[in-house]
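quick check, what structure comes out for this input:
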Amino acid sequence: MLFDTHTHMDAPEFEEDRDEAIARAVEAGVSRMVNIGFNRETIPTTLALAEKYPFVYAAIGWHPVDAIDMQEGDLEWIESLCSHEKVVAIGEIGLDYHWDKSPKEIQHRVLREQIALAKRVKLPIVIHNREAHEDTIRILKEENASEVGGIMHAFSGSWETAKICLDMGFHLSFGGPVTFKNAKQPKEVLEKTPMDRLLIETDSPYLTPHPYRGKRNETAYVRLVAEAAALLKGVSLEEIAEQTTKNANNLFGIV
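Numbering: from 1, shown residues only. Below is the predicted model:
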């Protein structure tokens, strides 16, 4: 009973074998997954996937890298889709200072607008934060994002940053990097994260866990993340699976 809280199974990388990859996930013990629609192209494909498979849910939002492409009407379009029965979160949204495509001030505005949207529709948010810890935390605080809570996706920050996020009511989600031999920080943070705030994910087709690192990731590999988490926590795989699934169901309001 594993729950992959962040995947992109609608990505072009799965064009040849999407149905088979989803079947492999079910075989590996995945009972639910949230697919992420993050721009004009992937929101419709995410919803189509969620409509096709009863165990696939959707998060919809506007990715910070694409913030500059957001046009008038896009926010209203996202808001209009939030009543879809399979939409469980707004995301992935946030800040990305690794890529140069979207200026910081535009990313900040788009993030603030989407936090306000999440409050209006009463949905949790999925935060993408790449090399922007300080500004991400500041904006979440200024916009009172704790009102809706959500997920710090693929968490890569320090324990100090993690504590601030936990204090704001957020969950921390971990993926492939916790299986990497030299990824000291995410392992230490996962170890300290309270069990009731812990989530697992793949971010497939990216961030592939060991031993498949360098190859395409897929949701079936969330089991490898769960196994690594169990080892770090000193509990059984079953306990990690049960607790992280319970956490995800509670957060997303899935019965």
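
any idea how far apart the tips of stretch 191-210 sit?
18 Å (Cα to Cα, to the nearest Å).

which residues are contacting the longest helix along the chain?
Secondary structure of the chain per DSSP state H: the longest helix is helix 104-121. The contact list for helix 104-121 (Cβ atoms under 8 Å, 6 or more residues apart in numbering) reads 61-62, 64, 67-68, 70, 75, 78-79, 82, 90, 93-97, 102, 124-125, 135, 139-140, 142-145, 147-148, 150. Just so you know, the C-beta spots here come from the backbone N, C-alpha and C atoms, and that holds for glycine as well.

looking at these, which are in strands?
90, 93-96, 125, 150 (DSSP state E).

most neighbours out of those, which is it?
residue 93 (30 neighbours; other Cβ atoms under 10 Å).

is it true that that residue touches residue 129?
No. Counting by Cβ atoms under 8 Å, residue 93 stays clear of residue 129, with 10.0 Å between them.

between these two, which contacts overlap?
Contacts common to residue 93 and residue 129, judged by Cβ under 8 Å, 6+ apart, are absent.

which residues of the stretch 1-150 of the chain fall in helices?
18-27, 42-52, 74-81, 104-121, 133-142 (DSSP state H, counting those that start in this stretch).

now the terminal residues of stretch 55-75, how far apart.
So stretch 55-75: terminal residues 27 Å apart, Cα to Cα.

same check, this time on stretch 176-186
10 Å.

state the mean pLDDT of it.
Averaged across stretch 176-186, pLDDT comes to 96.

and if you look at stretch 112-124?
pLDDT averaged over stretch 112-124 gives 98.

flag every buried residue along the longest helix of the chain.
Buried residues in helix 104-121, counted by 16 or more other Cβ atoms under 10 Å: 107-108, 110-115, 117-119.

relative orientation of that helix and helix 74-81 in degrees?
Interaxial angle, helix 104-121 versus helix 74-81 (axes from the mean of the first three to the mean of the last three Cα atoms, to 10 degrees): 20 degrees.

and the angle for helix 104-121 with helix 133-142?
Using the same axes, to 10 degrees, helix 104-121 lies at 40 degrees relative to helix 133-142.

so how far is helix 104-121 from its chain's centroid?
17 Å (Cα atoms, centre = their mean, to the nearest Å).
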